[in-house]
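Peer 1: Okay, here's the prediction I keep looking at, along with the sequence it came from:
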Amino acid sequence: MNTNILQTLVTAMQRRLAALPQRLRPFTTEFGELPKNLMLTGARGCGKSTFLLHHSQGKRLLYFSADNPKIIGEPLYDLVSSIFMLGYEGVIIGEFTTHQTGAYI
């Protein structure tokens with residue numbers, strides 16, 4: 001796995017964390033600990049990424065967007081394995097669509 005790609009993902013997450021809004025929806029701040037596995041669905045702009053980024057703060061989790069052009073063509077397994085090899089304890093994948101998984105809803 002190309003370390004430049006991983007550094008790009010780390011930088012992108014840091015930018016997104018820095019851009020989190022000051023005021024968050026009550027559900028975001030009142031929600032307890034994130035479960036080990038979670039899938040959020042909802043309309044664009046309803047706060048899914050903000051919720052996950054807020055709860056990733058202070059933890060060894062890496063957020064990345066599956067539609068990032070830098071990772072197109074990279075096998076998801078290899079990408080996530082490389083993230084864990086860097087010492088992260090989990091990943092948060094945003095913008096994941098059914099055409100990327102081959103699944104149909």
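Peer 2: Sure thing, it's come through. Numbering: from 1, shown residues only.
Peer 1: mind listing the helices for this structure?
Peer 2: 3-18, 26-30, 48-56, 76-85, 98-101 (DSSP state H).
Peer 1: what's stretch 48-60 in contact with?
Peer 2: Identification of contacts with stretch 48-60 by Cβ atoms under 8 Å, 6 or more residues apart in numbering yields 13, 16-17, 20-21, 24-25, 27-29, 31, 34, 40-42, 63, 87-90, 92, 94. For glycine as for every other residue, the C-beta is placed from the backbone atoms N, C-alpha and C.
Peer 1: Give me whichever of the helices of the chain is most buried.
Peer 2: helix 48-56 (a mean of 18; mean count of other Cβ atoms under 10 Å).
Peer 1: ok so, going back, with residue 68 as the reference, name the closest of the helices of the chain.
Peer 2: Closest approach to residue 68 among those is made by helix 3-18 (7.1 Å; Cβ to Cβ).
Peer 1: what packs against that closest one?
Peer 2: Applying 3 or more Cβ pairs under 8 Å, 6 or more residues apart in numbering; DSSP states H and E, one finds that helix 3-18 contacts helix 48-56, strand 61-65, helix 76-85.
Peer 1: Do me a favour and average the pLDDT over it.
Peer 2: Here helix 3-18 scores 90 as its mean pLDDT.
Peer 1: and the angle for that helix with helix 48-56?
Peer 2: Orientation of helix 3-18 against helix 48-56 (axes from the mean of the first three to the mean of the last three Cα atoms, to 10 degrees) gives an angle of 90 degrees.
Peer 1: any idea how far helix 3-18 is from the chain center?
Peer 2: Computed by Cα atoms, centre = their mean, to the nearest Å, the chain-centroid distance of helix 3-18 equals 11 Å.
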